[in-house]
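Trainee: need coordinates for the following:
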Amino acid sequence: MTLPALIASDVDGTLLDEDEVVTPRTRDAVRAAVASGAQFVLATGRPPRWIKPIVDALGLAPMAVCANGAVLYDPATDRIISARTLSTEALAALADIATRAIPGAGLAVERVGRSAHDSATPQFVSSPGYEHAWLNPDNTEVSIEDLLSAPAVKLLVRKAGAASSTMAAELAKHLGAHGDITYSTNNGLIEIVPRGISKATGIAEVADPLGITAADVIAFGDMPNDVPMLRWAGHGVAMGNAHPDAVAAADEVTAPNSDDGLARVLERWWW
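Mentor: Numbers count the residues shown, from 1 in each chain. Predicted coordinates for the structure are as follows:
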């Protein structure tokens, strides 16, 4: 493609290496692109409160599409720009469908306030007995009634020991138009966001006011939650460590995240 006007990058498994670090080579490639005038956008399943370490590692504060496209966050001002939410009615319907389709699954939701660290809004709320898919969770455990009592940007369905791909396939049989399923790990965790929301819609929300079209966007990703973004962008790049669905959706496969795959592509234009 010609010189990209906007670079969109997934975080885990893409921008970060296997030690969850932004390597010097990747940091320098991103910073060189930004210094030349390109826009850089993070596109992640992470919530806004998990963006600061990435900003610190890059040494710049790009706009962040969070929660798989449901939230647009500006880390430079610590402000939630927009949030697409599942209503309480939608959450109740989804919870019923999920617990019937996947017996034994636990539920959690992500909520947002005005900023990434809005202490007035418990942001990660889980049902009793929810088994976390990552270390050091920052959740608030509540009753299922309280869990479903406020709008949320995504519903998480977790079953320890299960495969996310299997869970997603089973739930898709029953979901209908209630929401869209995605996942970024195969460790028994799937996520449901509002219907029609994806990383692609979130990036478009950043790009449109700047007069940037999909044709001028290069996107990098590695997991099924990156597929809409990889297909939408003018040039989609799957990492060498990517899930087969991401590889199938991409225009190109680069080196793995452990070998600066993102930097190797950006260096074609910014060296």
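Trainee: my guess is H132 contacts N139. True?
Mentor: Yes: using Cβ atoms under 8 Å, H132 is in contact with N139, at 7.3 Å. All C-beta spots, glycine's among them, are computed from the backbone N, C-alpha and C.
Trainee: show me where the stretch 51-200 of the chain has strands.
Mentor: When assigned using DSSP state E, counting those that start in this stretch, the strands of the stretch 51-200 of the chain occupy the ranges 63-66, 71-74, 79-83, 106-110, 124-126, 140-141, 154-158, 180-182, 189-193.
Trainee: please enumerate the helices of this protein.
Mentor: 24-35, 52-58, 88-101, 144-147, 164-175, 199-207, 227-232, 244-249, 261-266 (DSSP state H).
Trainee: CSV for the ones you listed, including mean neighbour count and distance to N68?
Mentor: Converted to CSV, the helices of the chain look like this (neighbours: other Cβ atoms under 10 Å; distance: least, Cβ to Cβ, whole Å):
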stretch, mean neighbour count, distance to N68
helix 24-35, 18, 21
helix 52-58, 16, 16
helix 88-101, 17, 15
helix 144-147, 15, 19
helix 164-175, 17, 13
helix 199-207, 23, 6
helix 227-232, 24, 9
helix 244-249, 17, 14
helix 261-266, 22, 19
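Trainee: could you dump these to JSON lines with mean pLDDT and distance to T44?
Mentor: Converted to JSON lines, these look like this (pLDDT from 0 to 100; distance: least, Cβ to Cβ, whole Å):
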{"stretch": "helix 24-35", "mean pLDDT": "98", "distance to T44": "15"}
{"stretch": "helix 52-58", "mean pLDDT": "97", "distance to T44": "8"}
{"stretch": "helix 88-101", "mean pLDDT": "95", "distance to T44": "22"}
{"stretch": "helix 144-147", "mean pLDDT": "95", "distance to T44": "23"}
{"stretch": "helix 164-175", "mean pLDDT": "94", "distance to T44": "17"}
{"stretch": "helix 199-207", "mean pLDDT": "98", "distance to T44": "8"}
{"stretch": "helix 227-232", "mean pLDDT": "98", "distance to T44": "11"}
{"stretch": "helix 244-249", "mean pLDDT": "97", "distance to T44": "14"}
{"stretch": "helix 261-266", "mean pLDDT": "98", "distance to T44": "14"}
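Trainee: among those helices, which comes closest to G45?
Mentor: helix 199-207 (8.5 Å; Cβ to Cβ).
Trainee: next, the angle strand 189-193 makes with that closest one.
Mentor: 50 degrees (axes from the mean of the first three to the mean of the last three Cα atoms, to 10 degrees).
Trainee: picking up where we left off before, now the strands of the stretch 51-200 of the chain as TSV including distance to T254 and mean neighbour count?
Mentor: TSV is the format used below for the strands of the stretch 51-200 of the chain (distance: least, Cβ to Cβ, whole Å; neighbours: other Cβ atoms under 10 Å):
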stretch	distance to T254	mean neighbour count
strand 63-66	21	28
strand 71-74	26	24
strand 79-83	30	15
strand 106-110	30	25
strand 124-126	32	21
strand 140-141	39	14
strand 154-158	28	26
strand 180-182	22	22
strand 189-193	25	27
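Trainee: which of those strands has the lowest mean pLDDT?
Mentor: Per-segment mean pLDDT for the strands of the stretch 51-200 of the chain reaches its minimum on strand 140-141, at a mean of 89.
Trainee: tell me which strands it pairs with, and in which orientation.
Mentor: Strand pairing for strand 140-141, using DSSP bridges, gives strand 124-126 (parallel).
Trainee: who touches the most centrally placed residue in the chain in this structure?
Mentor: Of all residues in the chain, the one closest to the mean position by Cα atoms, centre = their mean is G45, 2.1 Å from it. Counting by Cβ atoms under 8 Å, 6 or more residues apart in numbering, G45 touches 12, 66-68, 182, 184, 191, 225.
Trainee: same check on T44?
Mentor: With Cβ under 8 Å, 6+ apart, T44 has these contacts: 10-12, 51, 64-66, 68, 199.
Trainee: touching, A162 and N186? I think so.
Mentor: No: under the criterion of Cβ under 8 Å, A162 makes no contact with N186, lying 9.3 Å away.
Trainee: any common contacting residues for those two?
Mentor: With the criterion set as Cβ under 8 Å, 6+ apart, the contacts of A162 and N186 do not overlap.
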